[in-house]
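*Asks:* My questions are about this predicted structure, shown below with the sequence.
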There are 2 protein chains.
Amino acid sequence: MELEFLGTSSGTPTKTRNVAGLALRTAGGWALVDCGEGTQHRILFTSLSPRDLRAIFITHLHGDHCYGLPGLLASAGLLNRTEPLAIVGPAPLERYVRGVMETTELRLPYPVTFVDVAALPQADVLPDLAVTAHALSHRVPSYAYAFTEKSVERRLDTARLTAAGVPRGPLWGQLLNGGAVTLPDGRVLRPDDVLLPPRRPRKVIVAGDNDTPALLVEAARDAHVLVHEATYTDAVLAKVGPGPQHSSARMVAEAARDAGLPNLVLTHFSPRYQDKGAGNGEKGGGPLTLGDVEAEARAAYRGNLFLASDFARYALDRDGRLARMGDAPPAQA
Amino acid sequence: MELEFLGTSSGTPTKTRNVAGLALRTAGGWALVDCGEGTQHRILFTSLSPRDLRAIFITHLHGDHCYGLPGLLASAGLLNRTEPLAIVGPAPLERYVRGVMETTELRLPYPVTFVDVAALPQADVLPDLAVTAHALSHRVPSYAYAFTEKSVERRLDTARLTAAGVPRGPLWGQLLNGGAVTLPDGRVLRPDDVLLPPRRPRKVIVAGDNDTPALLVEAARDAHVLVHEATYTDAVLAKVGPGPQHSSARMVAEAARDAGLPNLVLTHFSPRYQDKGAGNGEKGGGPLTLGDVEAEARAAYRGNLFLASDFARYALDRDGRLARMGDAPPAQA
C-alpha cells in the first residue's frame, strides 16, 4: 500500500503546496481521498491517471477539499474513461456535483455513483479494501475514512512441512491454495495444519478536518497509519481561536500516542508556516515554519512521525512499517 | 494596457498550459476573463492579487473556463477582501456559483454581484473601460468581450503654442486641463485651439469558444487586439468534425485579415499540439506542434501574430502596438 500526497496546504494553495488531495495505491489500483482545486494538475506530474481511478472519498464539503472534483471528472471523460466511478462523501456531495454538472452542461461518458458515508461499511466500494467512516468535529460534517485490507496473503510454515517430511514441490502450492494433501504414507495434511497465522491486515486512516483528534483514538488502536490535519501549533491555535475548528500538532500527536499508533503523517498545514527554516518562529526567532509544527508533535509522540509535502510518497509494507519513498521530483510545473 | 495569460490550453490542463484565464491590466487595476480550474494557482506566480481584482468576465459556462471561480472567490475571502466583486457572464453563471457556495457553505466577506451579459454595455462594470459583449457560436451560449478605453489623455500641439508665443509653463498645464487662457496681449486661447486630436481609444476583444470567427469581423474593425481560440488546425478540425464547435487557426486568421486587425493573439490550443518542434506534424514528419498552428495562421494573416503561452505578457501601447514583454519565468511550481 502506498500513499501519495497531491496537496498538503490548508484553505488556499501556496507556491509549493496545493490544497487537499491524497492518492491511496494498492495492487488493485488507486483511490483518491479529497480533491481540492488543482488535484488533476498535480496528477499530471505523477504516474496516476484519472482513467483508472477506482473511487473518490470526500472527507467534507469545504472547497479546499472538493473544488477539484468537477474538473477531474471532466478530464477523466476527455480521456474516454468508461468505467463507473464511485464518489463517497457527506450528504450535500451529490447535490454539489450534480448542480455543477447541470449548470455547466458537463456530460460524462461513464457513470458516476454517489455513496453517502452513512452507507459505509456495507457499501462495497473497493474490491480489496473495506472502508469505514468515522465522524469528526468540524464546522461542517467531516469524516475520517479507514481503509483495511479485506484479505491477507498466507504463508506456509516451511519448518513444520520439512519436519513432516513433505518435500518442497507441488504439494506446497496445493496447501497454500487451500487444498488438503494426502501423503504417500496415507497421512492427510490440511492447510490449517501448516499455514502460519495470518498477519494483521493493514489499516490506514485518512481524516478530514477535525478539532478533536481524540475522536479517532479507538479507531486508530489497530491502525498502522493515521493521516491527520495539523493546521496549527498550539500557539497559533490560541491566537486564531477555536472558530475554524482545526487541530494543533500537539492535539493530534497526543491522540496518536494514546492509540499506540506506529505511524503518524501530518498534513493540511496553514499557509502561514514556511516550508524551511530553523523552526524557532514561535520563540520570536524568525518566521513560523513547519519545524515548529514538527517539534510540537515530537514532544508528545514517539512513533514514526512524518510531515507530508506535495508529491511525497510513503510505502506501508506488510509488516506495518511506513517509509518515505525515494523522491522523484516533479517536472517543472 | 497589458494582457497576461494564465492559461492557454483547451479542455484539460497540460504540464505547461493551464485551462483558460487571462488578466487584463490597466492603470486602474486588473480584470479577469475566464477562470478555469487552477487560475488562482497561476496567480500565485504573478504580481496579481485576488484582493484587488476588479471584475471577472466569463465567456461561457464550460468547465475549462469557469471551474476555478469558486476557489478564487474563496481565496479572495481568506485574503480578507472587502471590496465588492462583479462577475459578468451568461445566464447560468449565477446559478452555478450560488449553487456551489450553498452546497459547500462558502461565505465571503465581500459582496459578489452577478451581471448578465445582456446587461452590457449599460452595466458600468469597470471605471476606465467600456465593455460590450458579442454573441459567438458554440455548444453553449458563448461571448466575446470588447474592452474599450472610456477616455484618452490629450496632448498639446506644442508647435502651435510656441508659434502663438505662449511659453512653456503654467499656461500649458491650464490648457491641458481644459481651462481657457488669456494671454498678456489680450488674446484668449481655448483648449480646443491647441490640443492635438485625441488618439483612438484602445480596444481589446477577448473571445470565448467559437466556431465562426467571422461573427467578430465587424466588432474587430476598430479593435487593436483580438484574443481568440485556435483549438485546431484545419487538418485536425476535419478529423475531429464540427461537433465541438471550435475554430481552426486559418478561420481565425482570415477573420482577422478581413477586419484589418493589427494584432492577433491565438490561444486555447488542443493538448494534442506539443509546444515545441519543427511544425511539420501535419506533413507526417513528426508530432503535431504549435508550429503547425502558427504556420496555418501566418498563411492567411499578415498582421502581428502571437501564439500565447502561460505567463506570457503583452503590452498594448497608446499607439496600438502590441508587444510581448520581457519574460519573467515563474518560480518553480
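*Replies:* Right, received. Where do you want to start? Numbers count the residues shown, from 1 in each chain, chains lettered A, B, ... in the order given.
*Asks:* Can you name the residues of the stretch 51-200 of chain A sitting close to chain B?
*Replies:* Applying C-beta under 8 Å from any C-beta of the partner chain, one finds that the stretch 51-200 of chain A approaches chain B through A:61-64, A:66-68, A:70-71, A:74-75, A:78, A:92, A:95-96, A:99-100, A:103-106, A:139-140. Backbone N, C-alpha and C define where each C-beta goes, glycine included.
*Asks:* So how do I select the buried members of those residues in PyMOL?
*Replies:* Remark: buried members of those, expressed as a PyMOL selection using 16 or more other C-beta atoms under 10 Å in any protein chain shown:
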select buried, chain A and resi 61+62+63+64+66+67+68+70+71+74+75+92+96+99+100+103+104+106
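*Asks:* In helices only, show me the residues of the stretch 51-200 of chain A next to chain B.
*Replies:* A:63-64, A:66, A:70-71, A:74-75, A:78, A:92, A:95-96, A:99-100, A:103 (DSSP state H).
*Asks:* Leaving out the residues flanking it, which one is nearest to A:Thr59?
*Replies:* A:Gly208 (2.5 Å; C-beta to C-beta, 6 or more residues apart in numbering or on different chains).
*Asks:* my guess is that neighbour meets A:Leu136, correct?
*Replies:* Yes - A:Gly208 is in contact with A:Leu136 according to C-beta atoms under 8 Å; the separation is 5.9 Å.
*Asks:* Compare those two and say which one has the larger neighbour count.
*Replies:* A:Gly208 (30 against 24; other C-beta atoms under 10 Å in any protein chain shown).
*Asks:* Can you read off the pLDDT for that one?
*Replies:* Predicted confidence (pLDDT) for A:Gly208: 98.
*Asks:* what do you get for A:Pro330?
*Replies:* So A:Pro330 comes in at 50 (pLDDT).
*Asks:* Where does pLDDT dip in chain A?
*Replies:* A:277-285, A:327-333 (pLDDT under 70).
*Asks:* can you tell me how far the residue in the stretch 151-300 of chain A positioned nearest to chain B sits from A:Ala220?
*Replies:* As assessed by C-beta to the nearest C-beta, chain B sits closest to A:Pro271 within the stretch 151-300 of chain A, at 8.7 Å. Distance, A:Pro271 to A:Ala220, using C-beta to C-beta, to the nearest Å: 27 Å.
*Asks:* And those two? Which one has more around it.
*Replies:* A:Ala220 (26 against 16).
*Asks:* Isn't the more buried one up against A:Arg257?
*Replies:* No - the pair A:Ala220 / A:Arg257 is not scored as a contact, 10.4 Å apart, by C-beta under 8 Å.
*Asks:* what do A:Gly208 and A:Leu136 both touch?
*Replies:* Residues touching both A:Gly208 and A:Leu136 by C-beta atoms under 8 Å, 6 or more residues apart in numbering or on different chains: A:59-60, A:142-144.
*Asks:* and the residue lying closest to A:Ala23 once chain neighbours are set aside, which of the three is it?
*Replies:* Once flanking residues are discounted, A:Ala23 sits nearest to A:Glu4: 4.2 Å by C-beta to C-beta, 6+ apart. Using DSSP: H, G, I helix; E, B strand; the rest coil, the structure places A:Glu4 in strand.
*Asks:* what's the distance between A:Glu4 and A:Val206?
*Replies:* From A:Glu4 over to A:Val206 the distance is 12 Å, taken as C-beta to C-beta.
*Asks:* do the same with A:Arg321
*Replies:* 18 Å.
*Asks:* Can you pick out the residue with more neighbours from those two?
*Replies:* A direct count of neighbours by other C-beta under 10 Å for A:Arg321 and A:Val206 places A:Val206 higher, at 24 against 12.
*Asks:* residues in contact with the nearest residue to A:Ala76 once chain neighbours are set aside?
*Replies:* Closest residue to A:Ala76 apart from its sequence neighbours, by C-beta to C-beta, 6+ apart: A:Pro50 at 3.8 Å. A:Pro50 makes contacts with A:40, A:43, A:72, A:75-76, A:79, A:81, as judged by C-beta under 8 Å, 6+ apart.
*Asks:* one more time with 10 Å
*Replies:* A:32, A:39-40, A:43-44, A:56, A:71-79, A:81, A:85, B:12 (C-beta atoms under 10 Å, 6 or more residues apart in numbering or on different chains).
*Asks:* now A:Asp258
*Replies:* A:213-214, A:216-218, A:220-221, A:300-301.
*Asks:* Now, of those, which are buried?
*Replies:* For the contacts of A:Asp258, buried by 16+ other C-beta under 10 Å: A:213, A:216-217, A:220, A:300-301.
*Asks:* quick one: which of these sit in helices?
*Replies:* Going by DSSP H, the helices hold A:217, A:220, A:300 from the buried ones among the contacts of A:Asp258.
*Asks:* Do a quick rundown of the helices in chain A.
*Replies:* According to DSSP H, the helices that chain A contains are A:39-43, A:63-66, A:69-78, A:92-103, A:158-163, A:170-176, A:191-194, A:217-220, A:234-240, A:249-259, A:290-300.
*Asks:* out of the ones you listed, nearest to B:Pro191?
*Replies:* helix A:92-103 (51.7 Å; C-beta to C-beta).
*Asks:* Just name whatever secondary elements the closest one is in contact with.
*Replies:* helix A:63-66, helix A:69-78, strand A:85-89, strand A:112-116, helix B:63-66, helix B:92-103 (3 or more C-beta pairs under 10 Å, 6 or more residues apart in numbering or on different chains; DSSP states H and E).
*Asks:* Repeat the analysis, applying 7 Å as the threshold.
*Replies:* Judged by 3 or more C-beta pairs under 7 Å, 6 or more residues apart in numbering or on different chains; DSSP states H and E, the packing partners of helix A:92-103 are helix A:69-78, helix B:92-103.
*Asks:* The nearest residue to A:Leu73 once chain neighbours are set aside and chain B, how far apart?
*Replies:* Once flanking residues are discounted, A:Leu73 sits nearest to A:Leu108: 6.1 Å by C-beta to C-beta, 6+ apart. Going from A:Leu108 to chain B by C-beta to the nearest C-beta, to the nearest Å gives 11 Å.
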